[in-house]
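J.: Quick one, what's the 3D model for this:
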Amino acid sequence: MIIGLTGTFASGKDEIAKYLQNKGFAHYSLSDVIRDYATEKGLEHSRKNLRMLGNELRTKYGPAVLAKKIKDKFTGKDVVSSIRNPAEIEELKKQKDFVLIGVDAPVELRFERAMKRGRIENALTLKKFKENEKKENIKNKTNQQLNECLKMADKLIINDSTLEELYKKIEKVIK
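T.: Residues are numbered from 1 along each chain as shown. The predicted structure follows:
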């Protein structure tokens, strides 16, 4: 089984990936491809830079470039996170036994989580947090399109409770 994770910022995608790793899944993040590119360019790994560089890579090499770069690493029991473009999903759906899980939570709760992470650039205010999200939903084939990706999910998890409840929801999906 190959599980893809897409969803809104601070919705719990990383928690799900960690949980699945503990269940024996290999984890790959499409953002790691972008982080490597940022390092090559000598740029800080800020949310703004990663968004810009991801869009740049998609423009240069096609909107599915990030998925193409990691799919050769798959073992058959994998989780792929940081899926932010519909073309990445289409590329990953070519893999046998691929399931896309969308993860979301109420915006106020996600803002709280982002603040607890201590990444100030991500969430100075709820208003700024929402403005950042608009930038991640520009309808352009080479940009991030989180809302479109969520619409493509095979399963949707609303992570609005405890970690234990989140784990129960994941278990239902992977059975």
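
J.: ok, Ile174 to Leu163 distance?
T.: The spacing between Ile174 and Leu163, counted by C-beta to C-beta, to the nearest Å, is 16 Å. To be clear about C-beta, it is placed using only N, CA and C from the backbone, and glycine gets the same treatment.

J.: Looking at these two, which one has more neighbours?
T.: Shown here are Ile174 and Leu163; by other C-beta atoms under 10 Å, Ile174 has more neighbours (15 against 11).

J.: How much space separates that one from Glu44?
T.: Going from Ile174 to Glu44 by C-beta to C-beta gives 35 Å.

J.: Now do stretch 53-67: everything it contacts.
T.: 30-31, 33-34, 37-38, 41, 43, 68, 80, 82-92, 141-144 (C-beta atoms under 8 Å, 6 or more residues apart in numbering).

J.: Now that stretch: average pLDDT?
T.: In this model, stretch 53-67 has a mean pLDDT of 93.

J.: Tell me which residues of stretch 93-113 come out buried.
T.: Buried positions in stretch 93-113, judged by neighbour count with 16 or more other C-beta atoms under 10 Å: 95, 98, 100-105, 107, 110-113.

J.: Let me know the closest of those to Glu148.
T.: Gly102 (10.7 Å; C-beta to C-beta).

J.: hey, C-alpha coordinates of whichever strand or helix holds the closest one in PDB?
T.: Using DSSP states H and E, Gly102 maps to strand 98-104. Written as PDB, here are the backbone C-alpha positions of strand 98-104 (Å, rounded to 0.1, in the frame of the first residue of the first chain):
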ATOM      1  CA  PHE A  98      -2.100   4.200  -4.000                       C
ATOM      2  CA  VAL A  99      -4.600   5.800  -1.700                       C
ATOM      3  CA  LEU A 100      -4.800   9.500  -1.200                       C
ATOM      4  CA  ILE A 101      -5.800  10.700   2.300                       C
ATOM      5  CA  GLY A 102      -6.900  14.300   2.700                       C
ATOM      6  CA  VAL A 103      -6.400  15.900   6.100                       C
ATOM      7  CA  ASP A 104      -8.100  19.000   7.300                       C
END
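
J.: helix or strand right after it?
T.: Counting by DSSP H and E, what follows strand 98-104 is helix 107-117.

J.: No further queries at this time; thank you.
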